[in-house]
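Enquirer: this one's sequence-less:
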């Protein structure tokens, strides 16, 4: 018998695999948190499946999301990235990735880890919502508004409340799996 899954992922094997194995699983590792943050910023204005299909290209282009390397990218590296057809070639988003890497490191210096900083917004435990249909999940919340505002204050770019809420969902800070989804009680 096939397990029930959130409606947004059904029908695409890549989407279903992402849903089944990653989406909503609490992430405390700084490297993974940075990868998701950058992928979410590139997703702004696009569909998530577009980003997932280019994820490996993003990993290669951005030194596997090594934020210490990215923080030191120069104009030549940025120019190379803007020619890379395997990623989203948006100059503002590419530049934001470099400034976000620098801001990420500053947060680590202040809090010890980025994870400690970001998870403090949910008292270090996931918020478990109770949505019957994924369409009932909000695009943003007062909490994502507050986190977005704080990230911007710390120098992050492309971190509007909707991007931040998507990051919270992806990294398990909020559990927005449908209550009938087999992953709802697993994550």
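Expert: Alright, I've got the coordinates. On a predicted model such as this, the values are computed, not experimentally measured, just so you know.

Enquirer: CA only for contacts and neighbour counts going forward, please
Expert: Noted.

Enquirer: Mind telling me what element the residue most central in space within the chain is part of?
Expert: The centroid of the chain falls nearest to residue 36 when counting by C-alpha atoms, centre = their mean (3.1 Å). According to DSSP states H and E, residue 36 maps onto helix 30-43.

Enquirer: on contacts alone, who are the packing partners of that helix?
Expert: The elements that helix 30-43 packs onto, with contact taken as 3 or more C-alpha pairs under 8 Å, 6 or more residues apart in numbering; DSSP states H and E, are helix 48-53, helix 91-111, helix 114-119, helix 161-170.

Enquirer: show me the residues around the residue nearest to the centre of the chain that make contact.
Expert: Neighbouring residues of residue 36 by C-alpha atoms under 8 Å, 6 or more residues apart in numbering: 167, 170-171.

Enquirer: that older thread, just the buried positions in the helix holding residue 36, please.
Expert: Buried residues in helix 30-43, counted by 16 or more other C-alpha atoms under 10 Å: 30-31, 33-43.

Enquirer: tell me how far it is from the chain's mean position?
Expert: 4 Å (C-alpha atoms, centre = their mean, to the nearest Å).

Enquirer: try stretch 38-52
Expert: 9 Å.

Enquirer: where in this protein is pLDDT low?
Expert: 1 (pLDDT under 70).

Enquirer: switch the cut-off to 90
Expert: 1-3, 44-45 (pLDDT under 90).

Enquirer: what sits up against the helix or strand containing residue 14?
Expert: According to DSSP H and E, residue 14 maps onto helix 13-21. With C-alpha under 8 Å, 6+ apart as the contact definition, helix 13-21 has outside contacts at 9-10, 49, 52-53, 183.

Enquirer: if we go to 10 Å?
Expert: 5-10, 12, 22-25, 48-49, 52-53, 170, 177, 181-183, 187 (C-alpha atoms under 10 Å, 6 or more residues apart in numbering).

Enquirer: Among those residues, name the buried ones.
Expert: Buried among the contacts of helix 13-21 (16+ other C-alpha under 10 Å): 5-6, 9, 23-25, 48, 52, 170, 177, 181-183, 187.

Enquirer: So which of these sit within helices?
Expert: Judged by DSSP state H, those include 48, 52, 170 as members of helices.

Enquirer: ok, now which ones touch the first one?
Expert: Residues near residue 48 by C-alpha under 10 Å, 6+ apart: 15, 39-40, 42, 54, 166.
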